[in-house]
Structures are given as C-alpha cells and as structure tokens.
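Student: Sequence and predicted model, in that order:
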Amino acid sequence: MPARKGSTCFVPLCKGRYKSSEVKVSLFRAPTDPVRLQEWSRNIKQDDKVLDNTCVVCSRHFDERYIQRTFKHVINEEVVELEHERPALTDDAVPTIFPDAPLYFTKHVPKRRKARDLANHYAPPPKRMALDEGMPYSELTESVDVQSASETSAHLFSNISRPSAFCTKIVLTNEPGELCFGWHIRGEKSRDVLVHKHVTFAGCSETTQEQAETSLCRIYCRNVKVDEFFVATKSNALAALEKADALFLCPGCGIEPIKTGQCTKFGESYYSHACSVTTAEGKQCLRCKYTRKLISNQMRRQKQNPKPKFRQRAARQSVQLLRTRRKLAKAQETVKKLRLVNQSVADTAFKQKICGLPPKQQLAVQTCFKAASRKSNRGMAYDKLWVLECILMRMKSPQLYEHIRKHEIMVLPSKTCLDKHLQGFKSTFGFNPKVFSALEQKTKDMDEFSLHGGLVFDELKLSENIAVKACGESSGFVDLGNFTEPEDKTSLSDHGLIIMFQPFQASSVEIICKAPHPVDSSRHLHMISDFPHLVKCVRNAFVSKGLQIPQSHVHVSPIKEAWKNDREAIALKVMPHITQAHVEPNAFEKMRVNLAYQLFSEEVLKGLFFYKSDLQEKFRIVKPTEHFVRLMEKLIFIMSSRTPLRGLRSDSKSAEFLEELIIFFK
C-alpha cells in the first residue's frame, strides 16, 4: 500500500491546512521523481526535516501558471472549460513563492511566451514583396502560391478516421503540440459534460534515432493513465483509438460514502481509491465492490444506532456532572465525620478493634499509627518483633524493601537502623549430627573410592498440596521434627532443604521411579509419557532447530513460507486455520496440544502442494518436509482414534506402521 501523505504544509512557518488557519488551500504531494524532488528540496530549504514523496506543499507557494484548475478542450470548434474537482500541478511545477519567509527566498518565475498552435499551424502572415519592374507577374504569383501552401501543414494523425460516433477530436489550447481525441458523457443531475476517456498523441522530447518519427500515445480513463506506447503510422494510431473505444470502465461503488475522503469522486460517481479503472464487460472491480459493501454496512449501523442529538448529549453530561458533584460532596462529608470519630477513639478501643487481625498485621498497624502521631520518623523506637520482620523482608528483597519505604506504603526503619540491631544478634556455626548419621547409613556398603565427594545443599520450592500414601499416612504439612511449632503443624509446606552427597567417581542420586514393566517382566519402567506431550516435543524440535531424517534435514521454514503466501492471497485460502502461533509459537503456545496437532495435519500438506512451485524457488528440497508431515499426520490419526472400530490392534496395519515408524526414528 502507498504511504500515507501528510495533512499540513511542509514549508516552514506556513499554516496551510492547520486548524488555526482560516484560509482554505489545496495540498499537492511531492513528486516521486528524484530529480524533481531534489529541486523542490533546494527551493524549500528545510534543514530539520527531509522532503520525501509523503510530504505535501500548499498552493500558496506555487505560481498560478503551475496550477491547473480547469480542463480545456474543443468540441465542434468551440472551447469548453471544465473545472477540476481538485486542482492539479503541471509536470514542471516547482514551489517558488514563500510569503512567510524573507523576500530573498521568493524567486519570480519569468513570463511565459505566447503559445504557438502547432497542431493547426497558424503561420504568421506572409511579407509583402516589393514589385520589381523587371519581374514578370507570373513568377510573382507562383512564389506567393508556394509560400501559402507551406503555411498549413497539419499534424501527422490529424486526418485519421474516428472509430465511433462518440469519439471527437479535441484541440488543447494549453498544449497546442498535442492531438487529443475524447469520449464524453453528460451527468444525470448536474448535466455537466465529462471526458471519461481521452487519447493524446504528442511528440517525443527525448527519443532515440529509431523513435524520431514516432509519436507518444497515452490512453487516459477518468484522468488516470492506463497505457502508454509509441505509434509510427496511421494504422497504429487508429488501432490505439479502437483500443480506447473498446475499453469498459468500472461503474464505481454506486453509492455515496458517509465519511469524507473514503472514496474518489469523478463527476457524480464514487470510486475506490484503489479502483482498477477498467474491467471486463463493464462490471464492478473487486475494490469498488468491497468498498460498496463497507459503505452499506456503515449505513446500516448508522440507522440501527443513530447518534443522539446535541441537546440529548448535553443533558446527559449535565446529569452525570451533577451526580458526580453530589458523590464528591457526600465523600467529603464522610471523610470529615471519620476524622472526628478517629480523633475521639481511645487507645483501648483501637486495640480492641485490631485484636482480630493476625499478630504481624497488628504490629504493622500499630507502627503506622505511632508514626502518624509524630512529625518525623527520625529517632523513632521500633518494636523488636517488627524490626525482626523488617530484617527478614530486606534479606529476601532489598529493592522491594526500599520501594515500600520510599513510597511510604508501610513504616519501615532505614538500613542504618537495621544494621545497628543486627550487631546485637549472635549466631553460631556447626553441623547437625543427624545429617552425619544419615550419611553413615548410606555409605555403609560403598567402596573406598566412592566415598570421596562433596556435600551439596540446596533449597527446593514445593507446591502446597496434601498427598495420602498407600500406607495411610498424609504428607504435605510442615515437618521439622521436634522443632516444629504447634501452630505450624497444620500449615502446608511450600519449601524444603536438599542435602545430597555427590561422589567424584559415580552418582549416588537415588532412583525414585523404578517399577517392573506391565508387559515385559525383564524390563523396568522409569518414566511414563503420554502421546500428546511426545508430539509437542517433536513439534518443538521441528520448529526450533529441525530434525534429521534419512532423506534430509526437515524444518518448519517451508511451512512458514507457504503460510505467508497463503496469508497474502486475496481469494480463497488453502490453509485458513494455520496462524503464526503454529509456525512461531511462544512459550505459552508451545504447551497447547491442538496447535501441535494442527501443524501436522492434512491442511498443511495441501498448502505445501499448492505453493510447491514458489517453495522450490527458495528451498532446494521440499519433499522430505512433506514426507515427515505426512508420517506425523498418520501417527496422530492412529494414536487418537475415538472408536473401537479404529482402535489399535496387534495384527492391524496400524501396528505395522508403528513398528516401521520406530525403525524410521532410530
């Protein structure tokens, strides 16, 4: 899509199209030609911004000769002028007038010479020759006839026949060197004459030696250039006119838009900004069809939900404002009453009200009220239990502690105060003898080399839940042996301490899961994994780094490229259910089983087949990826059957496929 143009004038100090400006001006977009764009930039002299083709300049900075406000053409030897809906610039237009800048910035354009009508070749009158007495009258007459014959030389294609009665020859007064043929229509309401198609034949300014005797033919439909080519003979010119006469134009949206600027207007009809201009058999183009549907939906919504009138909106806002003022006044009165009640409450009543809170919350509330009665917290004596809680909070997260203290969310002592209290704590070092007794039991049957190692201590985060063992015991509560507090015996444990002896020679980590296999007694079962998680693991490896199969290396890149091509398609899509979450899943999307199943589906195989020609241009081989997706799709179908008829049996073809797939993955 083209870049959106600016809404205000690019020239410094200019207020064109600003809301504060009362003068209405027209905005013209900067040219796309780099040479002309550089010429505009030299004249405007804007240092802090770079002029590009999205910038606009208002009509105040252009000489009037550069602005085309009317379209002039000759119909039946009469000059007819039609106003443009929007003024346009000539091809050589350059901003030269800067009224808001110093005078030396403005460059006056030299006056244009009078245009010569080369199409009709109106030559100046012949000079009268002085009669020579010795010159015969016949020679004088012959010389005059030769001069008059050379005066009226017509255009190369001026005598060409018109392809239909609707085509007329037009003489452009502002471009006398061009020959123009137009097709006109008359508006139904305004009865204005519009040129909906016209063809111009102009001489080439910069041509090669082969194009020296040719003319440049341009075909315009609704002032939009449709085709451009060179013609050398009258037959070629007649073919160009017949081609223009046979063109069918898009009839447009056929409905007036609600919003301004939503469509392009030509005459009394409205068209989409991206209209294709010409269509087959005169039907609506796809863009105008979609625009008409959009406008119809907007009109239907407007009828269903009409906007309230200004008086109704003003009345509603006034009522809401009155209610808000009443709520504010009521809240202010409530605050005043609460302040009076708070001042009259005694300390005993205050303690009775907070006695229902937990002990640590009581400490926090008492500290807050104690600090509220002081002018400053400096020199404030804190409770020892509150100081201990503050030390623990700061040990867990110093940044969070400083955040709560600086923003005065709670009354917390400073770091210096905590350091002074820490100096009074005494700690001792040592080992628990029970740990060594447990290590003695574990290392009783180990050889001498396996006893050399190190002790590993680590904290473990536990999920708070209660589990009942097979023997009837329940686990999940806080268990510190003889050191368990009475109030903690019914609390759920959320963390634990791991003490592990790691030898240098071998591993002494105890195997937690080891059970006999239910089918094969010679094997032990250490892990059970369900099929959806295995598919997700395969999908994650396939998306991140790819997989190596006997045919070649397979990766998700061909599927991603096919998805991009299908996303940009305007017509029906081959992969409608495949999204970015399938080909580029994030951390949360990787846990969804349905996305993994849909990635290895028949829909992806159809997309790889449909865009096979485009994929082979970018990737050397696509067939291994297609083969891998087909295998995974069949595996998912076999393992996720929901009926006994399609269930997995030992003597079925599905079992044979699984055995072949296991060999394939090995």
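Tutor: Sure thing, it's come through.
Student: Every contact and neighbour count from this point should use C-alpha atoms.
Tutor: Fine.
Student: now the helices: where do they sit in the stretch 551-666 of the chain?
Tutor: 557-567, 580-583, 593-599, 602-610, 612-618, 623-639, 653-665 (DSSP state H, counting those that start in this stretch).
Student: CA atoms only for stretch 477-488, dumped as PDB, please.
Tutor: Taking Å, rounded to 0.1, in the frame of the first residue of the first chain, the C-alpha atoms of stretch 477-488 are listed here in PDB:
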ATOM      1  CA  PHE A 477       2.400 -30.400  56.200                       C
ATOM      2  CA  VAL A 478       5.400 -28.600  57.800                       C
ATOM      3  CA  ASP A 479       7.600 -31.200  59.400                       C
ATOM      4  CA  LEU A 480      10.700 -30.000  61.400                       C
ATOM      5  CA  GLY A 481      10.700 -32.900  63.800                       C
ATOM      6  CA  ASN A 482      10.900 -31.800  67.500                       C
ATOM      7  CA  PHE A 483      11.400 -28.200  66.400                       C
ATOM      8  CA  THR A 484       8.000 -27.900  64.700                       C
ATOM      9  CA  GLU A 485       5.900 -25.100  66.200                       C
ATOM     10  CA  PRO A 486       2.400 -26.000  67.300                       C
ATOM     11  CA  GLU A 487       0.700 -23.500  65.000                       C
ATOM     12  CA  ASP A 488       2.800 -24.800  62.000                       C
END
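Student: and for it, what are the contacting residues?
Tutor: Here stretch 477-488 makes contact (C-alpha atoms under 8 Å, 6 or more residues apart in numbering) with 466, 489-493.
Student: What about those residues, which are in helices?
Tutor: Among those, the subset assigned to helices under DSSP state H is empty.
Student: Drop anything exposed from those residues.
Tutor: 492-493 (16 or more other C-alpha atoms under 10 Å).
Student: As JSON lines, the contacts of stretch 477-488 with distance to Ser164 and pLDDT would be great.
Tutor: What follows is the contacts of stretch 477-488, written out as JSON lines (distance: C-alpha to C-alpha, whole Å; pLDDT from 0 to 100):
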{"residue": "Ile466", "distance to Ser164": "94", "pLDDT": "83"}
{"residue": "Lys489", "distance to Ser164": "103", "pLDDT": "82"}
{"residue": "Thr490", "distance to Ser164": "101", "pLDDT": "83"}
{"residue": "Ser491", "distance to Ser164": "98", "pLDDT": "86"}
{"residue": "Leu492", "distance to Ser164": "95", "pLDDT": "86"}
{"residue": "Ser493", "distance to Ser164": "95", "pLDDT": "85"}
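Student: So which of the contacts of stretch 477-488 is the closest to Asp520?
Tutor: Ile466 (33.6 Å; C-alpha to C-alpha).
Student: which of the contacts of stretch 477-488 sit farthest apart?
Tutor: Longest span within the contacts of stretch 477-488, C-alpha to C-alpha: Ile466 and Lys489, 13.0 Å.
Student: what are the ranges of the helices in the stretch 51-200 of the chain?
Tutor: Taking DSSP H, counting those that start in this stretch as the test, the helices found in the stretch 51-200 of the chain are 137-151.
Student: At which residues are the strands of it located?
Tutor: Using DSSP state E, counting those that start in this stretch, the strands of the stretch 51-200 of the chain run over 56-58, 67-75, 78-89, 167-170, 179-186, 193-203.
Student: Of all the helices of the stretch 551-666 of the chain, which one is nearest Asp447?
Tutor: Closest among those, once you apply C-alpha to C-alpha, is helix 653-665, at 40.6 Å.
Student: Dump that closest one to CSV, restricted to CA.
Tutor: Backbone C-alpha positions of helix 653-665 (Å, rounded to 0.1, in the frame of the first residue of the first chain) are rendered in CSV as follows:
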residue,chain,number,x,y,z
LYS,A,653,-1.9,-52.3,9.6
SER,A,654,-1.6,-49.5,12.2
ALA,A,655,0.6,-51.7,14.4
GLU,A,656,2.8,-52.4,11.4
PHE,A,657,3.0,-48.7,10.6
LEU,A,658,4.1,-48.0,14.2
GLU,A,659,6.9,-50.6,14.1
GLU,A,660,8.1,-49.1,10.8
LEU,A,661,8.0,-45.6,12.3
ILE,A,662,10.0,-46.7,15.3
ILE,A,663,12.7,-48.1,13.0
PHE,A,664,12.5,-44.8,11.0
PHE,A,665,13.1,-42.6,14.1
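Student: now stretch 467-475, how far from the centre of its chain.
Tutor: 55 Å (C-alpha atoms, centre = their mean, to the nearest Å).
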